[in-house]
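Asks: have a look; sequence and predicted model below, questions after that.
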Amino acid sequence: MNLQFGLYQQQSLKLTMTQELKQAIELLQYSSQELVSFLEEKAIENPLIQLEHTNVKYIDLHSDGSKKRKSYKNERDYKQWIDQISQSSINLQDYLFMQLSLKTLTNSEKAVLSYLIYNLDSNGYLTVPIEEVAKKNDVELVVVNRCLDILHGLEPVGVGARNLQECLLLQVNQKKDCPTLVYDILTQYFLEFADRKWKPLSKQLGVEINEIQWAADYIKTLNPRPGAAYHSEQAQYIVPDLIVTLENDTIELDLFQKHLPNVQFQKDYYKMMSSYKDQQVKHFLKEKTQDYQWIMRSLQQRKETLLKVGMAIIQKQYDFFLKGPEYLKPLTMKEISEEINVHESTVSRAVREKFIQTPFGTYELRYFFSTSIMKSNSIDEEDQASAQQVKMRISHLIEQENKLKPLSDQGIADDLKNEGIIISRRTVAKYRDQLNIPSSSKRKRFA
């Protein structure tokens with residue numbers, strides 16, 4: 001019987017530890033927003049937990065930190081640094097309805113125009129066929145076309161177009177200085193132009209190819225997404241989990257927690273409930289107290305792990321934090337796990353959806369893990385290039401290329417080889433695609 005009792009106790013303890021460990025792991029991999037949601041749910045479940053929130057503005061994900069290279073020593077500095085990006089206060093639909101309010105319209109026209117406006121996508125394009133508009137509103141096609149003409153006459157110019165060609169034509173039709181060649185291309189040869197079949201196109205039009213290039217430059221001044229500036233979708237903002245500051249070539253790392261609620265223990269509630277002699281109440285208090293203690297331990301462990309991972313990344317990527325992104329080195333999560341003596345999966349969870357603010361901008365922690373590319377005639381691990389460095393070199397080479405004779409992927413690979421970086425043409429093409437840079441044939445200029 002003692003053996004059974006001991007075995008039962010051992011199994012129970014193992015189950016408890018496993019559950020606690022599982023929850024601790026979950027906390028580590030939570031993003032800041034997920035952690036806030038978790039704590040708010042816990043505060044609802046556990047009356048012994050009280051959350052104190054602080055108001056912190058979010059920063060834009062793409063904000064540039066290069067203009068903010070100074071140390072942040074106090075709360076005032078933090079508040080000055082964390083600034084919300086302004087947004088347009090009016091969306092596309094409101095703007096269009098505001099313009100329509102100045103026009104005299106029939107009830108049918110108002111209904112059709114409302115239907116059209118509510119079926120515009122975020123770029124301002126009409127997403128439904130006019131036949132469907134007519135059927136839904138029980139009107140003739142002539143009424144829909146008349147309403148579409150009214151919509152096309154509103155700002156921004158090009159709104160209500162059904163495709164890119166129509167969008168561009170709506171804009172050139174309102175320009176007095178539009179060259180005839182541009183109009184001819186957009187009305188009769190748009191597909192050939194878009195496919196960059198410019199040599200046969202120049203023969204069809206009886207013009208030099210450099211004139212096609214001039215027309216292309218003119219068309220580039222038009223707006224292919226007229227509604228985008230009014231898109232009402234809320235911008236994405238983030239708060240960094242870690243902050244790196246640079247002062248006199250000294251790198252400092254701080255954990256930023258001001259966006260997280262402060263977890264407090266409800267002493268008054270605990271004291272009041274402790275006066276009850278009921279065993280269920282005592283059991284309830286014990287359970288909720290343990291829950292609170294577990295949360296506090298897990299939060300502390302999360303902080304310590306984030307700081308350890310952050311410090312290890314800084315040590316491995318010291319030149320990056322001192323000089324900039326072009327000095328990013330190859331790094332694996334295994335290296336970091338060995339450095340701080342944890343499992344690689346712990347590092348993976350710790351960097352999941354976590355961000356670090358640096359003097360050069362805000363980066364996701366995963367950004368610092370990059371595959372290595374060995375340079376030629378090098379056996380030194382310190383002389384390896386990261387994939388990110390290679391991408392930056394590709395981008396730089398393309399920026400500096402002769403636009404009349406742009407570099408092919410093989411040409412870029414050859415230039416990199418001359419710099420000691422050996423990668424294949426296919427790898428160049430893959431990295432170029434990831435950088436959203438078109439192929440050499442589409443980058444080529446003719447004048």
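Replies: Arrived safely, thanks for sending.
Asks: which positions in the helix or strand harbouring Met273 come out as buried?
Replies: Assigned by DSSP states H and E, Met273 belongs to helix 267-274. Neighbour-count burial for helix 267-274, counted by 16 or more other CB atoms under 10 Å, picks out Met273. Yep, even glycine has a C-beta here, placed from its N, CA and C like the rest.
Asks: ok, longest helix in this protein?
Replies: Longest helix in the chain by number of residues, with DSSP state H as the criterion: helix 279-316.
Asks: give me the mean pLDDT for that helix.
Replies: Per-residue pLDDT values across helix 279-316 average out to 92.
Asks: any idea of the angle it forms with helix 267-274?
Replies: Interaxial angle, helix 279-316 versus helix 267-274 (axes from the mean of the first three to the mean of the last three CA atoms, to 10 degrees): 150 degrees.
Asks: neighbours around Leu148, how many?
Replies: Counted with other CB atoms under 10 Å, residues neighbouring Leu148 total 19.
Asks: ok, back up a step: and for the helix holding Met273, what's in contact with it?
Replies: For helix 267-274, the external contacting residues (CB atoms under 8 Å, 6 or more residues apart in numbering) are 47-48, 281-282, 284-285, 289.
Asks: please apply the same query to stretch 312-328.
Replies: Residues external to stretch 312-328 that are found in contact with it (CB under 8 Å, 6+ apart): 244, 246, 249, 251, 253, 329, 331, 335-336, 339-340, 356, 358-360, 365, 368, 370, 386, 388-389, 392.
Asks: now that stretch - C-alpha only, PDB.
Replies: Only the C-alpha atoms of stretch 312-328 are listed here, as PDB (Å, rounded to 0.1, in the frame of the first residue of the first chain):
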ATOM      1  CA  ALA A 312      24.400  36.100 -27.400                       C
ATOM      2  CA  ILE A 313      23.100  37.500 -30.700                       C
ATOM      3  CA  ILE A 314      24.900  40.800 -30.000                       C
ATOM      4  CA  GLN A 315      28.100  39.000 -29.200                       C
ATOM      5  CA  LYS A 316      27.900  37.000 -32.400                       C
ATOM      6  CA  GLN A 317      26.800  39.900 -34.500                       C
ATOM      7  CA  TYR A 318      28.800  42.600 -32.800                       C
ATOM      8  CA  ASP A 319      29.900  44.400 -36.100                       C
ATOM      9  CA  PHE A 320      26.200  44.600 -37.200                       C
ATOM     10  CA  PHE A 321      25.200  46.500 -34.100                       C
ATOM     11  CA  LEU A 322      28.200  48.700 -34.200                       C
ATOM     12  CA  LYS A 323      28.400  49.400 -38.000                       C
ATOM     13  CA  GLY A 324      25.200  48.400 -39.700                       C
ATOM     14  CA  PRO A 325      23.300  45.600 -41.600                       C
ATOM     15  CA  GLU A 326      26.100  45.100 -44.200                       C
ATOM     16  CA  TYR A 327      28.100  43.500 -41.500                       C
ATOM     17  CA  LEU A 328      25.600  40.700 -40.700                       C
END
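Asks: that older thread, please save the CA atoms from the helix holding Met273 in CSV.
Replies: The C-alpha trace of helix 267-274 is given here as CSV (Å, rounded to 0.1, in the frame of the first residue of the first chain):
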residue,chain,number,x,y,z
LYS,A,267,-3.6,40.9,-1.1
ASP,A,268,-6.9,42.3,0.1
TYR,A,269,-8.9,39.7,-1.7
TYR,A,270,-6.7,36.9,-0.4
LYS,A,271,-6.9,38.2,3.1
MET,A,272,-10.6,38.5,3.0
MET,A,273,-11.1,35.0,1.6
SER,A,274,-8.6,33.5,4.0
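Asks: in this structure Ser386 contacts Ser370, no?
Replies: Yes. Assessed by CB atoms under 8 Å, Ser386 is found in contact with Ser370 at 3.9 Å.
Asks: quick one: which of the contacts of stretch 312-328 sit in helices?
Replies: Using DSSP H, these in helices are 335-336, 339-340, 388-389, 392.
Asks: among the residues you listed, which pair sits farthest apart?
Replies: Distance extremes for those: the farthest pair is Ile340 and Met392 at 28.2 Å, using CB to CB.
Asks: now the strands for this protein?
Replies: Assigned by DSSP state E, the strands in the chain fall at 49-52, 59-60, 237-238, 242-247, 250-255, 262-265, 355-358, 361-364, 372-374, 384-386.
Asks: save those as TSV, and put in mean pLDDT too.
Replies: TSV is the format used below for these (pLDDT from 0 to 100):
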stretch	mean pLDDT
strand 49-52	90
strand 59-60	44
strand 237-238	72
strand 242-247	90
strand 250-255	90
strand 262-265	92
strand 355-358	93
strand 361-364	91
strand 372-374	61
strand 384-386	68
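Asks: give me the common contacts of Ser386 and Ser370.
Replies: Counting by CB under 8 Å, 6+ apart, the common neighbours of Ser386 and Ser370 are 328-331.
Asks: make a markdown table from those and add pLDDT, neighbour count and distance to Glu109 to it.
Replies: Listed next are the shared contacts of Ser386 and Ser370 as a markdown table, based on pLDDT from 0 to 100; neighbours: other CB atoms under 10 Å; distance: CB to CB, whole Å:
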| residue | pLDDT | neighbour count | distance to Glu109 |
| --- | --- | --- | --- |
| Leu328 | 88 | 22 | 58 |
| Lys329 | 88 | 19 | 64 |
| Pro330 | 88 | 20 | 63 |
| Leu331 | 90 | 19 | 62 |
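Asks: which one of the residues you listed is nearest Lys303?
Replies: Taking these together and measuring to Lys303 by CB to CB, the closest member is Leu331, at 22.5 Å.
Asks: and that closest one, how close does it get to Lys323?
Replies: Computed as CB to CB, to the nearest Å, the Leu331 to Lys323 distance reads 16 Å.
Asks: one more: Tyr115?
Replies: Look at Tyr115 and Lys323: by CB to CB, they are 57 Å apart.
Asks: those two: which has the busier surroundings?
Replies: Taking other CB under 10 Å, Tyr115 and Lys323 do not tie; Tyr115 has more neighbours (18 against 11).
Asks: doesn't Asp138 make contact with that one?
Replies: No. With contacts counted by CB under 8 Å, Tyr115 stays clear of Asp138, the gap being 11.1 Å.
Asks: what ranges in the stretch 151-300 of the chain fall below the confidence cut-off?
Replies: Applying pLDDT under 70 to the stretch 151-300 of the chain flags residues 232-237.
Asks: just the pLDDT at Leu404, thanks.
Replies: Note on Leu404: pLDDT of 87.
Asks: err, Phe369, not the other one
Replies: Looking at Phe369, its pLDDT reads 89.
Asks: list the contacts of it.
Replies: 331-333, 351.
Asks: for Leu299, see how far away Lys329 is.
Replies: As judged by CB to CB, Lys329 and Leu299 stand 32 Å apart.
Asks: hang on, the earlier thing: and the contacts of stretch 312-328, which are buried?
Replies: Neighbour counting by 16+ other CB under 10 Å classes 244, 246, 251, 253, 329, 331, 336, 339-340, 356, 358-360, 365, 368, 370, 386, 388-389, 392 among these as buried.
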